[in-house]
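Visitor: okay, here's the prediction I keep looking at, along with the sequence it came from:
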Amino acid sequence: MAKQYDVLFRLLLIGDSGVGKTCLLCRFTDNEFHSSHISTIGVDFKMKTIEVDGIKVRIQIWDTAGQERYQTITKQYYRRAQGIFLVYDISSERSYQHIMKWVSDVDEVGDATSLPGCGEGASPGKARRGPDGKANASRKLCLPQPWMKTSGTHQKASRRSLLGIRLMRSRNGRWEESKGSSWRRSMAWTSMKQVPAPTSTLKSHSRV
Ligand SMILES: Nc1nc2c(ncn2[C@@H]2O[C@H](COP(=O)(O)OP(=O)(O)OP(=O)(O)O)[C@@H](O)[C@H]2O)c(=O)[nH]1
């Protein structure tokens, strides 16, 4: 039987309940949006396989419950993830303020420097701003990761953020950011943890 994928990335979505983690994931994997809020119980996951220059990359995305009562369970997934997205609702100051709490939770089990932050909101494409209207929310909070705006209601926005992966390439067996415009660079993770590199080398201009 043909191999279903060459590289596996395990990504995790964390953030307060109701910020749109499940919607972001459903939009990304199935191009669907659900207007009702059915809280995730514990942890759920979805997968998507994409091809990048002939390499089959399987992205396994774990969607965690934002509710406090599940945090003992969800924390067990932090260590196994190669990338973690911190998600907050761009219209909720509270969910934004809680990002530092999520960072420290991840810090408890490992390195938080490879976390990209995501602001969920209904108007993708505008400048990246926090709920206070100021640009570059991550810098204001002194978060170490790049910050990007995304949305469960827009397919392009969900792909742009969750497919930051496509901006990475393998050079000498290491996954690195590909050289693109500064906008693209700001969307990629800065220091994603190492995963087994495919045998062939990915080119910098990846397609999805
Ligand atoms: N306008 C708008 N609404 C959104 C967006 N993303 C999610 N929502 C709405 O926000 C609510 C919560 O979304 P979920 O994806 O279920 O939230 P969650 O973070 O997974 O919540 P928990 O599972 O409880 O942790 C739902 O009613 C969605 O329809 C978005 O980008 N724009």
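Guide: Arrived safely, thanks for sending.
Visitor: just the strands from the chain, written as ranges.
Guide: 7-14, 43-52, 55-64, 83-89, 117-120, 147-150, 168-171, 174-177 (DSSP state E).
Visitor: mean pLDDT lowest where, among the ones you listed?
Guide: Here the lowest mean pLDDT among the strands of the chain goes to strand 168-171, at a mean of 36.
Visitor: quick check, residue 106 in contact with residue 84.
Guide: Yes. If you go by C-beta atoms under 8 Å, residue 106 and residue 84 touch, sitting 6.0 Å apart. C-beta: built from backbone N, CA, C; applies to glycine.
Visitor: look at the two and report which has more neighbours.
Guide: Applying other C-beta atoms under 10 Å to residue 106 and residue 84 shows that residue 84 carries more neighbours, namely 27 against 21.
Visitor: what's the closest non-adjacent residue to that one?
Guide: Nearest non-adjacent residue to residue 84, counting by C-beta to C-beta, 6 or more residues apart in numbering: residue 12, 4.6 Å away.
Visitor: residue 104: neighbour count?
Guide: The number of residues packed near residue 104 is 10, by other C-beta under 10 Å.
Visitor: and it, how far from residue 52?
Guide: Look at residue 104 and residue 52: by C-beta to C-beta, to the nearest Å, they are 33 Å apart.
Visitor: could you do residue 14 as well?
Guide: From residue 14 to residue 52 the distance is 25 Å (C-beta to C-beta).
Visitor: which of the two has more neighbours?
Guide: Legend: neighbour count by other C-beta under 10 Å for residue 14 and residue 52, higher for residue 14 (27 against 22).
Visitor: doesn't residue 84 make contact with that one?
Guide: Yes. Counting by C-beta under 8 Å, residue 14 touches residue 84, with 6.2 Å between them.
Visitor: what residues are shared contacts of the two?
Guide: Here residue 14 and residue 84 share the contacting residues 78, 106, scored by C-beta atoms under 8 Å, 6 or more residues apart in numbering.
Visitor: which of the helices and strands in this structure ranks last by mean pLDDT?
Guide: Within the chain, confidence by mean pLDDT, DSSP states H and E is lowest for helix 182-187 among all helices and strands, at a mean of 29.
Visitor: run through the residues that contact the closest residue in space to residue 38 that isn't next to it in sequence.
Guide: Leaving aside its sequence neighbours, residue 38 sits nearest to residue 22 (C-beta to C-beta, 6+ apart; 7.7 Å). Each residue near residue 22 by C-beta under 8 Å, 6+ apart is listed here: 34, 38, 40, 44, 63, 152.
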